[in-house]
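Peer 1: Predicted model and sequence below, questions to follow.
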Amino acid sequence: MTLRLIWLPISLWLFVTICGGYALHQERLAAIASLIRQTEAGLHSELRQIGSAIWGSVPTADDGRRFSQLDIPPDATKTGYYLIDRQHAVIAANRPESLGKDVQTLFSAQVLAAVSQAVAGNGSVVSQTAHGLIGIRPYRGAAKARQGTILLIQRDLSAEYVQLSNAFQNAVFNFAVMSLTGIALLFLLSTLRINRQLGVISKTITRFADGDGSARTALTGHDSIARLGRVFDRMATRIGQERSNLAESEERLKFALHGSNAGIWDWLIESGHTYYSPRWKSLLGYDEHELLAHSEEWLKRVHPDDLPQVMALLNAHMTGATAFFESEHRLRRKDDDYIWVLERGVALRDEDGKPYRMVGALTDISARKEIESALQRSEEAYRSVVNAVTQVIFRSDATGKLTFLNPAWTDLTGIAVNDGLSRVLTNFVVPEDRDRARQVIAAANRGGKEIITCELRLITRNGGTRWFNLHARSLQDGRDAPGIAGLLTDIDALKKAQDALTQSNKERNTILDLSPDGYVFIDRDRRVVYVNPAFLAMTGVASNRIIGKGLNELEALIQSLCDPAKPQPEFASAMDDAEYLLHLNNPAKSILKWLIRHIRDRQGRLQAGVIFFRDVTAQVEIDRMKSEFLSTAAHELRTPMASIYGFAELLLARDFDAATQRDLLQRIHRQTRNLTNLVNELLDLARIEARGSKSFKFKDQELAPVVLNTLATFYVPHETHSLDVDLPGNLAMVNIDADKFHQALINVLGNALKYSPDGGVILVRSTERNEADQKQIGIVIEDQGIGMTPEQMGHMFDRFYRADTSGAIPGTGLGMCLVKEIMGFFGGQVTVSSEIGQGTEVTLWLPIVSPTSVAG
Amino acid sequence: MTNKRILLVDDQEDIRLLLQLTLAPLGCDLHTATNGNEAIQLARKLRPDVVVLDVMMPGGMDGYQVCKMLRSDPDTAHAYIILLSARGQQRDIDQGKQVGADYYMLKPFSPIELGDLINQAKPQQ
């Protein structure tokens, strides 16, 4: 700057100097011209005087001498005077060294040309040459000797030239020095003046900037700085007006901002420099004087979660996509708490639309956010409850159209909520329940506060039905009910469970009714609540004597039926699932097995109890009979063995006579046969049991020979018994295995014999009957023995059962059992009639095969 | 030890013969009965040193009952009583002990062993 400033005066000076120099140069040229003119005039005059002096007066040729006498100025160095002959040789000269020399050698060709010119012309010639001014006067007289002579004066002007040049140089130098001095002085003066004026402007601007609106430069003059000052003054005046307008406007804005609680920021985008208003600072917990001056100050305070959104909005506005930047986000206060703010800003753009500045306002909306958030939470909570409940929540308008349904609707009916809305609820109710539903809805529509309920079924999407409990209430208690709100609770599972329970109860009751076992149910107070028919049959007690009675009363009742010899344990002290026996004498002699099971809740409190009774009389009897059979079988087997073993041992140990030996051997033999029979009988039964009729060899045959053959082999002790046979020659055709029938008949005959220990007649006869459209022939065996009681008759076909328990009558208890099995395989039957002490009559029935098969 | 008085009670002739043959060489005074009533009458009269009783007998009174009655009568209570039985279940043996039998012998038995037992039997005092 300084360098540039210094060039100005230097240039100015150079210019002035050059101009001055040029003027001086012209002056010098004029001086030179004047000198030449004066010299030319002088030369002409001298040429004339000298010519005249030489040639005028005397017409001789001794001109040289005359020339030398002439009063020629002595300074020969400055002016040369030459008299030259026709050969151009110097005749006379004031410079002795040039005498006799050719002009050509003394001067240049230029001089010669001038000489020639002068000779050719008339009069004197003065011309300018390198040798200075040359004045030439040729001789014009009549004297022949002089013809061609020339007077030549050479005036050397170089000294004058040098003098003039030096003078010019000095003048120029002086001018330059003077002009330099002048210009420097001028520059200094003007700088001082400019400084002064700029100082005024500077001070004024400073004052203005410092807020002195009245500051003016008041500069006069026409220089640019003064004009600048005046322009500033005008501007200041203008700004003053605007400032006053602005102040007014700012005042309003301030009030407005104060009223709106907005914090203002003003952001110069390029530099990032940002102004934050005091309110902005105070909103964020800063003092007003704290220095915050960068856009980062707020950007870095944006909550990390909100920052992406804020940046997106900001960028959208920066790129011009939005008219305003508007964002709700959280800012971190100085104390690190966050507040919710609303920021609204607008960017100022240059001609290219590029934002260079942005101004915005910030409002604390924490309170609003808090309310909004609370509202939202409340809304969400409400919504989540409505969405989460498993009941259908609905609203319908006055016309009954559904206006709201929660998702449970879809969950429970499968119907989309949108498909349900705008339809009437009763449309979804199954036709049977529709009237009931309409009544409830109509009742609810009448208004009132009471909740009306009913149970109904809805048709689900897949065409099934589902039970619901409907609760409905009017939405308004005024005159015009705008609709109803209600709840549909899914009771399908409950309903189905109830149905299932009813069904289950029916099944249970059926089972209990049909069960041969007795059941007694007691409640938590140990009172009888139920007895099944089997129990009543077992005990012969009417149900009204038991139902509602306590357990101890039931116990007393049963006790009264019991065999006094066999005490029964008390129900109350009975262990769960432990089995006990009851020996009843009434209503019939029987043995009951019973057990109790208590049903308890989680706390172990009695809820109910079941006492189970099973009539095990038959089982006990069978067990007894089995045991008896084993005992008897062992006895029967051991008795012959005792003889065999004992006699064999005696025979080995002692010597006997021949007769005794023989007797003993016979006894061994007989007992061995008995033993074999017994074993065979057991094996027969076992075989029949195991193989059924597969071992039978059936054959159509006349029955009479089979019976007679058996009777022939049947041994009757004649001293006590007699056999009376009353049979026709031909009986009937039957399809039997003769061997097996023989065995059956022998067993019956054997019994007739065994059970008439006091002797008598055993009668064998035949009979016929029709049984189920089938003709049957019967072989009857009557004895006059001890007979049987009805009870004994009932058991006579049981395995192991023996009418005689004393052991006096041998047997295995298998005989009649075998008979029954065999007759069964023949398609026949065994019937018995007997009277105690009178005798027994056993009939073996066989189906008669058709005569056609007889013919074949 | 000769001349022991022995009462044999059994309904089976085979067993009676077996014991007669067994005991004959020992020189015992052997008496027999075929049922309970007969046995008790005979025992009261004879006061036998040893009674061999079959358990299963006809006539309404079995060996256990006879044994019990013999033990309850001071005249016969001292006798050494051997029960003879074809029933070998534990409850039968227990019942024998209950009614006061000294020995329970299961059929079939060794007549020689029975002879030795009778020979060594010591009536209760």
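Peer 2: Structure received. None of these values were measured; they are calculated from a predicted model.
Peer 1: Give the buried residues for stretch A:294-307.
Peer 2: Burial within stretch A:294-307, assessed by neighbour count using 16 or more other CB atoms under 10 Å in any protein chain shown, is assigned to A:294-295, A:297-299, A:301-302, A:306. Quick note: C-beta positions are derived from backbone N, CA and C, even for glycine.
Peer 1: Chain neighbours aside, what residue packs nearest to the residue in the stretch 301-450 of chain A that chain B sits nearest to?
Peer 2: Chain B sits closest to A:T390 of the stretch 301-450 of chain A, with a gap of 68.8 Å, by CB to the nearest CB. In this structure, A:T390 finds its nearest non-sequential neighbour in A:A408, 5.7 Å apart by CB to CB, 6 or more residues apart in numbering or on different chains.
Peer 1: From what I see, the one you found and A:V385 are in contact.
Peer 2: No: using CB atoms under 8 Å, A:A408 is not in contact with A:V385, being 11.2 Å away.
Peer 1: Tell me which of the two has more neighbours.
Peer 2: A:A408 (22 against 11; other CB atoms under 10 Å in any protein chain shown).
Peer 1: For that one, list the residues it contacts.
Peer 2: A:389-393 (CB atoms under 8 Å, 6 or more residues apart in numbering or on different chains).
Peer 1: let's see 7 Å
Peer 2: A:389-392 (CB atoms under 7 Å, 6 or more residues apart in numbering or on different chains).
Peer 1: Which of those ranks first by neighbour count?
Peer 2: A:V392 (24 neighbours).
Peer 1: ok so, going back, of all the contacts of A:A408, which comes closest to A:H471?
Peer 2: For the contacts of A:A408, the closest approach to A:H471 (CB to CB) belongs to A:Q391, at 8.8 Å.
Peer 1: among the buried residues of stretch A:294-307, which are in strands?
Peer 2: If you go by DSSP state E, these have nothing in strands.
Peer 1: okay if I get the residues you listed as TSV plus pLDDT and distance to chain B?
Peer 2: Formatted as TSV, the buried residues of stretch A:294-307 follow (pLDDT from 0 to 100; distance: CB to the nearest CB, whole Å):
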residue	pLDDT	distance to chain B
A:H294	80	113
A:S295	78	112
A:E297	77	109
A:W298	79	108
A:L299	81	106
A:R301	86	103
A:V302	89	101
A:D306	90	97
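Peer 1: what's A:D523 sitting at in phi/psi?
Peer 2: With angles defined as degrees, to the nearest 10, A:D523 sits at phi -100, psi -170.
Peer 1: Could you check the pLDDT of it?
Peer 2: Note for A:D523: predicted pLDDT of 90.
Peer 1: Count the residues that sit near it.
Peer 2: 14.
Peer 1: what's the distance between it and chain B?
Peer 2: From A:D523 across to chain B, the span is 44 Å (CB to the nearest CB, to the nearest Å).
Peer 1: For the stretch 301-450 of chain A, which residues are neighbours of chain B?
Peer 2: Not one residue of the stretch 301-450 of chain A sits near chain B, judged by CB under 7 Å from any CB of the partner chain.
Peer 1: Helices of the stretch 301-450 of chain A, start to end?
Peer 2: In the stretch 301-450 of chain A, the helices defined using DSSP state H, counting those that start in this stretch lie at A:307-318, A:366-388, A:408-413, A:417-420, A:431-445.
Peer 1: what does chain B give?
Peer 2: All helices of chain B, identified by DSSP state H, fall at B:13-23, B:36-46, B:63-72, B:90-98, B:111-120.
Peer 1: helices or strands up against the first one?
Peer 2: Counting contacts by 3 or more CB pairs under 7 Å, 6 or more residues apart in numbering or on different chains; DSSP states H and E, helix B:13-23 is packed against helix A:617-653, strand B:5-9, strand B:29-33, helix B:111-120.
Peer 1: Residues in a beta bridge with A:V346, which ones?
Peer 2: A:V346 forms beta bridges with A:V359, as assigned by DSSP bridges.
Peer 1: I'd say it and A:F324 touch.
Peer 2: Yes: shown here, A:V346 and A:F324 form a contact pair, counting by CB atoms under 7 Å, at 5.6 Å.
Peer 1: Tell me which of these two has more neighbours.
Peer 2: Shown here are A:V346 and A:F324; by other CB under 10 Å, A:V346 has more neighbours (17 against 12).
Peer 1: Quick one: name the residues of chain B near chain A.
Peer 2: Counting by CB under 7 Å from any CB, the residues of chain B near chain A are B:12, B:14-15, B:18, B:21-22, B:56, B:58, B:86-89, B:107-112.
Peer 1: Just the buried ones out of these, please.
Peer 2: Buried among these (16+ other CB under 10 Å): B:12, B:14-15, B:18, B:21-22, B:56, B:58, B:86-87, B:107-111.
Peer 1: So, low pLDDT: which residues of chain B?
Peer 2: B:1-2, B:58, B:124-125 (pLDDT under 70).
Peer 1: Tell me the bridge partners for the residue nearest the centre of it.
Peer 2: In chain B, the centroid-proximal residue (CA atoms, centre = their mean) is B:V52; its distance is 1.4 Å. Using DSSP bridges, the beta-bridge partners of B:V52 come out as B:L8, B:I82.
Peer 1: quick one, what contacts it?
Peer 2: Per CB under 7 Å, 6+ apart, neighbours of B:V52: B:6, B:8-9, B:19, B:82, B:84.
Peer 1: Can you pull the poorly scored residue ranges out of the stretch 601-750 of chain A?
Peer 2: Looking at the stretch 601-750 of chain A by pLDDT under 70, you get A:629, A:689.
Peer 1: Show me where it has its strands.
Peer 2: Applying DSSP state E, counting those that start in this stretch to the stretch 601-750 of chain A gives strands spanning A:606-615, A:699-702, A:721-726, A:733-736.
Peer 1: How far away from the center of its chain is the longest one?
Peer 2: Yep, that's strand A:606-615 we're talking about. 56 Å (CA atoms, centre = their mean, to the nearest Å).
Peer 1: Just say helix, strand or coil for the residue of the stretch 101-250 of chain A found nearest chain B.
Peer 2: Chain B sits closest to A:E250 of the stretch 101-250 of chain A, with a gap of 126.4 Å, by CB to the nearest CB. Recorded secondary structure, A:E250: helix (DSSP: H, G, I helix; E, B strand; the rest coil).
Peer 1: thinking again about what came up before, can you lay out the helices and strands packed on helix B:13-23 as a markdown table showing distance to A:L592?
Peer 2: Putting these into a markdown table (distance: least, CB to CB, whole Å) gives the following:
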| stretch | distance to A:L592 |
| --- | --- |
| helix A:617-653 | 8 |
| strand B:5-9 | 41 |
| strand B:29-33 | 44 |
| helix B:111-120 | 47 |
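Peer 1: Thanks a lot, see you next time.
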